[in-house]
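Student: Turn this into a structure:
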Amino acid sequence: MACYRMGPETHAIPMTLFRENREKVIAELRKGRTFSGRALILLQGGDNISLYDTDVDYVFRQESYFTYLFGVTEPGCYGTVDVASGATTLYMPRLPAEYAVWMGPLLTPDDFRKKYEVDAVHYADEIESKIAALNPSVLLTLAGPNTDSGLQAKPANFSGIEKFVVDSDILFPVIAECRVIKSPAEIEVLRYVARVSSDAHKQVMKQIRPGWHEYQGESVFLHHSYSVGGCRHMSYTCICGAGSNSAILHYGHAGSPNDRLIQDGDMCLFDMGANYGGYTSDITCSFPVNGKFTDDQKLVYNAVLAARDAVCASAKDGVSWVDMHLLANRVMLGELKKGGLLKGEVEDMMAAGLNAIFQPHGLGHLLGLDVHDVGGYLSHCPERPNEPGVNRLRMARKLKAGMYVTIEPGCYFIEPLLNKAFADPNMSQFLKKQEIDRFRNFGGVRIEDDVLITENGIENFTFVPRTVEEIEAWMAQS
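Tutor: Numbering: from 1, shown residues only. So this is what the prediction gives:
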C-alpha cells in the first residue's frame, strides 16, 4: 500500500486517506444536485516560489485543499475527480532531462500513478486535450474566502480553460465543510503530530534555563520535531515569549525574532506546533524558566488552568463554542477575584467587557490541514459575534463529533489594554489597582491543548505537564 512516510519510526499516511476524502466530497456534491453530463472537480496544486529575484526557492509546502484530495507533495500539479465515477487523474509537470542530474530521478506518469494510487496520470501540458477528450459538462473549480486571513482561494487555471464551462461557486462550501469533520485516518495523523509536538515541548521544558535566549528554546523544539518526528515543517512561526514578551500574542515575527535573553524568574509562553504530511498541531506551554513557580505565577497560571479544565469538562457534540469561550472567561475572572486582583460580581465584569482585557483572543479554533482550519464562518454557519472577546472567535458554531479544535484560554497583562480598562469607569470599578500594578511586567499565561470533539466529551491529544506540580517535577529532572 502506497503511503507518505518520512522514515521507519514515523507515521505512515496511507494514500487511501486521500481517496476517502475524495469519496466524501463527491458524495456531498451528489446530494441534492444533478449534474447533466460529466462534472469534474478541478484543483491546481501549489508552485515553487522563489525568494524574491534569486534562484533560491522557499521550501515547498503543498496547498491544503490539493493535499486534502490527492496527498501530492510535488509542486506544479493539477488533479481532477469525476463526480459520477470517482475516477481520479493527476497532471504532473513535464521536467527537462537535466532534472535527473541536479534534482534526482525523473518519475514517469506510471511512477506517479502508483505513488498516489490514482486512476491515471498525464503531463500538465496535456491537460486541455485530456480534459476535452472526457467532454465534461462543467469543471468545478475552487474559489472562496478564508475568513481568518481574508484572502481568496484561487481557482485552477490553465491555457485553454476558457473553452470549458467552469463553475467556481459549487465546490468551495462543500469541500470546506468536509474538512471540518475528520476521518479516522486523519485523526491518527493528527494524534501523531500532536504527540511529536508534545514531546518536543517537554524537551524544551527539560533543557531550558536562565541565560538562554528565546530562540534556543525554539531550536530544541525544531530539532526534536524533525529529528525524531520527521516533521520538516512547522504549522506556524514559533512564538517563544519570555517575561513581558509572553503577553505579545503573536510574538516571534521578523521584528521580534525570539531573541530576548531569558532572565531567572521569567515566565515563558512557548506556542509551537509541528506539521506532518500537511497536518498541523498547535500547543502552548507556559512555565517559569527556572522550574519553580512564584506565588504570583501560580495565581495566574492556576486561573488559566481552571478555565481550561472547565472547557475540557464541558465541551462535546452539540455545545456552543461561543458558550465555551464565555465559560472560560467567567472561570478565569472568578479565579483572579479569589486571588485578590479583582472585586465585584463576575457577571457584571463580563457585561462590562473586562474579560476581553485579560483575554483579547478567542478560546480556540478548528485545526487540521491549516493551523486555523477552514469552516469557521461558512454561509450556513452562525455569523461572527460582535461582543468584546467573542468577536475574536474563529468560529461561532456548535461543536460536532469529529471536529478537531484547540482549547487555549489565556490571561495577559497587556499595557495598552490595562490602561484602557483603568480609564473606563465601567471596567475600573472591578480592578484593584495596587494589586494589578504588581503584574504590569508579568507578561502572560496561555494553556493550549489540541482536542477531538466526541459525542460525550473530548479526547485530548496533548500530553505535556499541566499542573504546577507536574511542571515543577518535570523541569526538576533537568
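
Student: how far does the strand or helix carrying Phe172 sit from the chain's center?
Tutor: Taking DSSP states H and E as the definition, one finds Phe172 inside helix 171-180. Between the centre of helix 171-180 and the centre of its chain there are 17 Å (CA atoms, centre = their mean, to the nearest Å).

Student: I'd like the next helix or strand past that helix.
Tutor: Using DSSP H and E, the first helix or strand after helix 171-180 is helix 184-207.

Student: so for that next one, what's the average pLDDT?
Tutor: The pLDDT scores in helix 184-207 average 98.

Student: got the buried residues for it?
Tutor: Neighbour counts using 16 or more other CB atoms under 10 Å place 185-205 of helix 184-207 among the buried residues. Any C-beta I mention is one placed from the backbone N, CA and C, and that applies to glycine too.

Student: can you tell me how far Asp167 sits from Arg33?
Tutor: Here Asp167 is placed at a distance of 11 Å from Arg33 (CB to CB, to the nearest Å).

Student: out of those two, which sits in the busier spot?
Tutor: Asp167 (15 against 11; other CB atoms under 10 Å).

Student: That one touches Pro136, doesn't it?
Tutor: No - counting by CB atoms under 8 Å, Asp167 stays clear of Pro136, with 10.9 Å between them.

Student: Please determine how far the one residue sitting closest to the centre of the chain is located from Ser281.
Tutor: Nearest residue to the geometric centre of the chain (CA atoms, centre = their mean): Val371, 1.4 Å. Counting by CB to CB, the gap from Val371 to Ser281 is 8 Å.

Student: Now the common contact residues for these two.
Tutor: 235, 273 (CB atoms under 8 Å, 6 or more residues apart in numbering).

Student: measure the residue of the chain positioned farthest from its centre to Val289 for me?
Tutor: Going by CA atoms, centre = their mean, the residue of the chain most distant from its centre is Ala133, 39.8 Å out. Between Ala133 and Val289 the distance is 64 Å, computed by CB to CB.

Student: do Gly368 as well
Tutor: 33 Å.

Student: residues touching Pro145, list them.
Tutor: By CB under 8 Å, 6+ apart, the neighbours of Pro145 are 151-153.

Student: can you list these in a markdown table and add distance to Arg394?
Tutor: Listed next are the contacts of Pro145 as a markdown table, based on distance: CB to CB, whole Å:
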| residue | distance to Arg394 |
| --- | --- |
| Leu151 | 15 |
| Gln152 | 18 |
| Ala153 | 17 |
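
Student: Quickly find the element holding the closest residue to Asp110 other than its chain neighbours.
Tutor: The shortest distance from Asp110 to any non-neighbouring residue, by CB to CB, 6 or more residues apart in numbering, is to Val121 (7.1 Å). Here Val121 is covered by strand 120-123, with elements defined by DSSP H and E.

Student: Output the contacting helices and strands for that strand.
Tutor: Judged by 3 or more CB pairs under 8 Å, 6 or more residues apart in numbering; DSSP states H and E, strand 120-123 is in contact with strand 88-92, helix 109-116.

Student: Pull up the pairing partners for that strand, direction included.
Tutor: With DSSP bridges as the test, strand 120-123 is paired with strand 88-92 (parallel).

Student: Let me see the residues that make contact with the strand it pairs with.
Tutor: Contacts for strand 88-92 (CB under 8 Å, 6+ apart): 19, 22, 70, 72, 74, 76-82, 107, 109, 112-113, 116, 118-124, 126-127, 130.

Student: Might one say that Gly443 is in contact with Tyr251?
Tutor: No - with contact defined as CB under 8 Å, Gly443 and Tyr251 do not form a contacting pair (10.0 Å).

Student: Tell me the residues that contact both of these two, please.
Tutor: Contacts common to Gly443 and Tyr251, judged by CB under 8 Å, 6+ apart, are 241, 245.

Student: Report the separation between the two terminal residues of stretch 50-60.
Tutor: Taking CA to CA, to the nearest Å, stretch 50-60 runs 10 Å from one end to the other.

Student: What residues of that stretch count as buried?
Tutor: Under 16+ other CB under 10 Å, stretch 50-60 has no buried positions.

Student: ditto for stretch 452-466
Tutor: 452-453, 457-458, 461-462, 464-466.

Student: one step back: checking the residue nearest to the centre of the chain next. Helix, strand or coil?
Tutor: On the three-state scheme (DSSP: H, G, I helix; E, B strand; the rest coil), Val371 is labelled coil.

Student: tell me the contacts of it?
Tutor: 235-236, 273, 280, 282, 365.

Student: The same query, at a cut-off of 6 Å, please.
Tutor: By CB atoms under 6 Å, 6 or more residues apart in numbering, the contact list for Val371 reads 235-236, 280, 282.

Student: With Asp57 instead?
Tutor: Per CB under 6 Å, 6+ apart, neighbours of Asp57: 48, 50.

Student: quick one: it from Arg232, how far?
Tutor: 14 Å.

Student: just to revisit the earlier point, filter the contacts of strand 88-92 to the buried ones?
Tutor: The buried subset of the contacts of strand 88-92 (16+ other CB under 10 Å) comprises 19, 22, 70, 72, 74, 76-82, 107, 109, 112-113, 116, 118, 121-122, 124, 127, 130.

Student: Quick check: nearest residue in space to Gly353, chain neighbours excluded?
Tutor: Pro388 (4.0 Å).

Student: One more: Leu417?
Tutor: Ile357 (4.9 Å).

Student: mind checking pLDDT for that neighbour?
Tutor: At Ile357, the pLDDT value in this model is 98.

Student: How many neighbouring residues does it have?
Tutor: 24.

Student: ok, the residue nearest to Leu393 when sequence neighbours are not counted to Asn355 distance?
Tutor: In space, and not counting its chain neighbours, Leu393 is closest to Gly362: 3.8 Å by CB to CB, 6+ apart. Separation of Gly362 from Asn355 (CB to CB): 12 Å.

Student: Over to Asn329?
Tutor: In terms of CB to CB, Asn329 sits 4 Å off from Asn355.

Student: how close does Trp102 sit to Asp437?
Tutor: 62 Å.

Student: Which one's more surrounded, the two?
Tutor: Neighbours were counted for Trp102 and for Asp437 using other CB under 10 Å; Asp437 has more, 13 against 7.

Student: neighbouring contacts of stretch 343-363?
Tutor: Contacts for stretch 343-363 (CB under 6 Å, 6+ apart): 249, 324-325, 328-330, 333-334, 388-389, 392-394, 410-411, 417, 421, 426-427, 430.

Student: Filter those residues down to the buried ones, PyMOL style.
Tutor: Of the contacts of stretch 343-363, the buried ones can be selected in PyMOL as follows, counting by 16+ other CB under 10 Å:
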select buried, resi 249+324+325+328+329+330+333+334+389+393+394+410+411+417+421+427+430
